[in-house]
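*Asks:* Let me see the structure of the following:
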Amino acid sequence: MQDKTQDKNQDALTQVKTHAARWAAIAAQRVNRGDAVGALLFLLATTVFAVITINMMGSSASLSFYDLLRMQNGGSMQGALAGQGSGAGVYALLWLLAVAGPVLPSLLTHRAARLGYFAPLALWVIALIGVGLQVREVVNATRQFAGFMGNSRASRSVAGDMVSNLWSSLSFGFGFYLSLAIALAFTVRGVAVLRRRA
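*Replies:* The predicted structure follows:
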């Protein structure tokens with residue numbers, strides 16, 4: 001009895017492997033090579049390369065695009081810099097869609113699949129809005145700090161210097177430019193595809 005169950009399981013596993021290999025071969029034939037390379041570069045640009053580098057107190061730390069998404073999901077900057085804290089949550093799904101989106105038009109015949117070309121730019125906009133909100137929180141915190149110090153001209157000057165020092169300590173990394181360039185290139189390609197097939 002146990003041998004029959006093992007044989008059935010082995011047969012099922014063999015069939016799954018066979019079908020998976022066949023589907024992977026079909027997908028490899030259908031996928032546009034340029035889109036696949038662009039998606040791979042976007043994956044690297046958002047996970048491996050630094051988007052921003054923070055230089056403070058003689059030390060520097062780099063954050064990838066994915067680290068910024070983790071911060072937006074409720075993690076702290078210290079946790080993101082140390083590679084700890086909460087995951088990206090729903091932002092991880094958006095990131096996965098942005099990476100895989102540009103290859104969907106060549107895999108799926110549905111008209112809506114063409115919108116996959118716009119997924120990287122949409123992720124960029126979402127991340128930009130999140131970073132803007134976090135910067136606003138920092139500015140509000142420095143204003144509150146100035147209020148605690150008596151809201152004098154000197155305290156407002158200290159708060160302004162803190163914000164200025166924060167901005168001057170930031171620099172954009174290679175991942176910033178590469179991911180933005182790829183997002184814009186896929187957007188242009190998406191517009192061209194939509195016009196051609198309209």
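
*Asks:* Residue ranges in the chain under the pLDDT threshold?
*Replies:* The chain contains residues with pLDDT under 70 at 1-9, 11-13, 15-30, 56-58, 75-86, 138-139, 142-143, 145-167, 197-198.

*Asks:* hey, where'd the strands end up in the protein?
*Replies:* Assigned by DSSP state E, the strands in the chain fall at 50-56, 59-64, 170-172.

*Asks:* Tabulate those (CSV), appending mean neighbour count and distance to Gln72.
*Replies:* In short, each C-beta sits where N, CA and C put it, glycine included. As requested, the strands of the chain are exported to CSV (neighbours: other Cβ atoms under 10 Å; distance: least, Cβ to Cβ, whole Å):
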stretch, mean neighbour count, distance to Gln72
strand 50-56, 17, 13
strand 59-64, 15, 12
strand 170-172, 13, 16
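
*Asks:* Reformat these as TSV; add distance to Leu194.
*Replies:* Putting the strands of the chain into TSV (distance: least, Cβ to Cβ, whole Å) gives the following:
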stretch	distance to Leu194
strand 50-56	29
strand 59-64	31
strand 170-172	30
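
*Asks:* out of those, nearest to Leu128?
*Replies:* Distance to Leu128, taken as Cβ to Cβ, is lowest for strand 50-56 among the strands of the chain, at 11.1 Å.

*Asks:* Just checking: what are the partner strands of the closest one?
*Replies:* strand 59-64 (antiparallel), strand 170-172 (antiparallel) (DSSP bridges).

*Asks:* Tell me which of those approaches Asn32 most closely.
*Replies:* Between Asn32 and the strands paired with strand 50-56, the tightest spacing by Cβ to Cβ is seen for strand 59-64, at 26.3 Å.

*Asks:* Which one, of the strands paired with strand 50-56, ends up nearest to Val37?
*Replies:* Across the strands paired with strand 50-56, closest to Val37 is strand 59-64 (Cβ to Cβ), at 19.9 Å.

*Asks:* got a list of contacts for the closest one?
*Replies:* For strand 59-64, the external contacting residues (Cβ atoms under 8 Å, 6 or more residues apart in numbering) are 46-54, 71, 80-81, 173, 175.
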